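Chemist: One predicted model, sequence on top.
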Amino acid sequence: MHHADAKSAVSPEPVQAAREALDAWVREVVAWHFDPATGCPFWLDYVQKLGWDPRREIRAFAQLAGAPPRQVIAHLPPPEWNLEA
């Protein structure tokens with residue numbers, strides 16, 4: 001079986017279920033970090049600088065892929081992201 005054949009043999013249902021589970025986990029993690037009851041001072045202060053609520057805006061893993069959005073980078077202290085690398 002070639003690699004292309006193996007890829008086509010995967011049914012879409014488990015892939016969709018895994019994607020939905022990952023997205024739910026992302027929402028849970030984001031909610032935990034930015035909730036005033038559970039978030040640490042760093043993230044609670046950080047969300048005030050953003051001007052938008054990650055708990056409402058970040059709904060899926062795909063939104064986290066790659067580099068952070070520019071509006072996020074703009075508020076991080078210099079040593080946390082090496083933008084020159």
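Modeler: Sure, I can see it. Since the model is a prediction, treat every value here as computed from it, not as a measurement.

Chemist: Tell me how many other residues surround residue 49.
Modeler: 11 (other Cβ atoms under 10 Å). To be clear about C-beta, it is placed using only N, CA and C from the backbone, and glycine gets the same treatment.

Chemist: which SSE is it in?
Modeler: Under the criterion of DSSP states H and E, residue 49 resides in helix 41-50.

Chemist: Quick check: buried residues in stretch 15-34?
Modeler: 23, 26, 27, 30, 33, 34 (16 or more other Cβ atoms under 10 Å).

Chemist: Kindly apply the preceding question to stretch 42-49 instead.
Modeler: Within stretch 42-49, judged by 16+ other Cβ under 10 Å, the buried ones are 43, 46, 47.

Chemist: ok, of the residues you listed, which one's closest to residue 10?
Modeler: residue 43 (36.7 Å; Cβ to Cβ).

Chemist: Below-threshold pLDDT in this protein: ranges please.
Modeler: 1-8, 65-85 (pLDDT under 70).

Chemist: leaving aside the residues next to it on the chain, what's closest to residue 64?
Modeler: Closest residue to residue 64 apart from its sequence neighbours, by Cβ to Cβ, 6 or more residues apart in numbering: residue 26 at 6.5 Å.

Chemist: Name the SS class of that neighbour, please.
Modeler: With DSSP: H, G, I helix; E, B strand; the rest coil as the basis, residue 26 sits in helix.
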